[in-house]
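A.B. asks: What would the 3D arrangement of this be:
(one chain, ligands or ions: 2)
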Amino acid sequence: MKTKILVTGALGQIGTELVMLLRKIYGDDQVVASDLVKKDIPQVVEAGPFAVLDVTDARAMAELVEREQIQTVYHLAAILSAIGENQPQLAWQVNMGGLFNALEVAREKKLALFTPSSIACFGPSTPPDQTPQDTIQRPNTVYGVTKVAGELLCDYYHERFGVDTRGVRLPGLISHETLPGGGTTDYAVHIYYEAIKQNRYTSFIAEGTKMDMMYMSDALKAFVDLMEADPSKLVHRNAFNIAAMSVAPEDIAASIRKFQPDFVLDYDVDPVRQAIAESWPNSLDDSAAREEWNWQADYDLDRMTETMLEALRKKL
Ligand code: NAD
Ligand code: SER
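C.D. replies: Numbers count the residues shown, from 1 in each chain. Ligands and ions are numbered 1, 2, ... in the order given. Below you'll find the model as predicted:
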């Protein structure tokens with residue numbers, strides 16, 4: 001991979017940890033972190049180069065790429081599913097406008113571009129169990145619509161202009177460094193924080209609602225491995241299903257009880273996020289990623305639970 005890197009949306013749940021990992025692998029000065037505003041996250045904004053960048057501003061993005069001699073972009077800036085349903089116009093503007101600007105600068109400057117898609121690119125008519133790599137994609141959220149359009153646009157820029165675009169369909173990500181930014185799967189992070197703080201959690205997602213989830217370090221490994229993969233082996237490029245575990249709230253609670261036997265889970269279901277969750281698959285078939293670039297998750301539910309509880313006990 002060409003290693004002068006720009007990360008957009010770098011102060012979000014994924015970006016903070018991705019920047020730290022990329023700097024460890026490629027060197028602090030090689031990774032420029034950027035976000036809409038500078039936040040007090042010293043491990044990112046002070047440990048290497050940082051720039052304020054609104055991804056909907058095409059000229060500012062092109063100037064930053066030129067100034068920093070960027071070769072590869074990890075484009076993370078986006079509005080997630082629950083916030084997107086509240087502000088669909090903003091979701092379209094940021095998710096599609098930002099991606100279009102990133103693709104255009106990648107075309108003009110011959111950059112490599114990584115963009116994550118999501119389990120949200122599927123909808124109620126998609127086969128819900130072991131959802132195939134290539135299948136029906138008719139999402140009914142604005143976030144999901146931007147993810148399908150994004151996958152197609154990235155394919156188009158690769159086929160039409162030869163841009164080295166790559167990406168994965170991420171499950172809900174679980175991590176302890178930075179809180180999630182307004183998605184439907186956020187409950188699966190909050191449950192661990194509340195397990196440490198109060199030994200109980202009230203879930204806004206209903207019992208029995210399965211969704212794919214993944215521990216953050218597995219997702220970051222996928223980002224780096226796919227960008228380092230031999231392009232001649234990639235049949236798909238921009239929308240690899242990747243999977244680690246398919247869980248409902250009660251599965252996470254049962255896993256937490258292996259370490260905290262008195263943990264209590266109850267429910268106060270949010271109809272908006274519940275409807276979104278029900279429109280997404282229960283589990284994905286990730287065989288294409290396994291075959292094309294040797295993808296494999298390291299963390300199952302119990303290993304993730306043990307790691308999350310230990311880290312949050314120290315942090316909180
Ligand atoms: P997040 O909400 O935590 O972070 C997104 C970042 O984008 C924020 O720091 C925000 O300030 C920034 N941003 C918003 N508007 C911007 C703009 N106009 N210009 C520049 N920056 C802007 O999100 P995340 O969880 O880190 O997600 C990153 C990517 O991964 C997104 O594309 C998201 O759809 C995808 N994804 C995330 C998950 C997950 O569980 N976290 C799952 C599937 C896909
Ligand atoms: N975690 C994301 C969300 O819930 C999935 O794309 O929006």
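
A.B. asks: Pull out the buried residues from stretch 198-214.
C.D. replies: For stretch 198-214, a neighbour-count test (16 or more other C-beta atoms under 10 Å) marks 201, 203-206, 209-214 as buried. (Each C-beta comes from the backbone N, C-alpha and C, glycine too.)

A.B. asks: That should have said stretch 123-142, apologies.
C.D. replies: For stretch 123-142, by 16+ other C-beta under 10 Å, it's 123, 126, 131, 133, 137, 139, 141-142.

A.B. asks: These in strands, which ones?
C.D. replies: When DSSP state E defines the strands, the subset of those inside them is empty.

A.B. asks: Between those residues, which sits nearest residue 220?
C.D. replies: Checking the buried residues of stretch 123-142 against residue 220 with C-beta to C-beta, the nearest one is residue 133 at 21.5 Å.

A.B. asks: Was I right to think that closest one contacts residue 242?
C.D. replies: No. Look at residue 133 against residue 242 with C-beta atoms under 8 Å: they stay out of range, at 10.4 Å.

A.B. asks: between the two, what contacts are shared?
C.D. replies: In terms of C-beta atoms under 8 Å, 6 or more residues apart in numbering, residue 133 and residue 242 are both contacted by the residues residue 286.

A.B. asks: show me the contacts for the residue in the stretch 1-150 of the chain that ligand 1 sits nearest to.
C.D. replies: Relative to ligand 1, the nearest point of the stretch 1-150 of the chain is residue 12 (1.9 Å; C-beta to the nearest ligand atom). For residue 12, the contacting residues are 35, 76-77, 178, 181, by C-beta under 8 Å, 6+ apart.

A.B. asks: Was I right to think residue 185 contacts residue 209?
C.D. replies: No. Residue 185 is beyond contact range of residue 209, at 10.4 Å (criterion: C-beta under 8 Å).

A.B. asks: Which neighbours do those two have in common?
C.D. replies: Listed contacts common to residue 185 and residue 209 are residue 277; contacts here mean C-beta under 8 Å, 6+ apart.

A.B. asks: before we move on, what SS does the closest residue to ligand 2 within the chain have?
C.D. replies: Using C-beta to the nearest ligand atom, residue 183 is the residue of the chain that sits closest to ligand 2, at 2.5 Å. Secondary structure assignment for residue 183 (DSSP: H, G, I helix; E, B strand; the rest coil): coil.

A.B. asks: how about it, phi and psi?
C.D. replies: phi -110, psi -180 (degrees, to the nearest 10).

A.B. asks: picking up where we left off before, if you look at the buried residues of stretch 198-214, which of them are in strands?
C.D. replies: Residues of these located in strands (DSSP E): 201, 203, 211-214.

A.B. asks: And the helix or strand hosting residue 192, what does it pack against?
C.D. replies: Using DSSP states H and E, residue 192 falls within helix 187-198. Helices and strands touching helix 187-198, by 3 or more C-beta pairs under 8 Å, 6 or more residues apart in numbering; DSSP states H and E, are strand 172-174, strand 200-203, helix 249-257, helix 301-315.

A.B. asks: ok, now which ones touch residue 174?
C.D. replies: So residue 174 contacts 188-189, 192, 213-216, 304, 308 (C-beta under 8 Å, 6+ apart).
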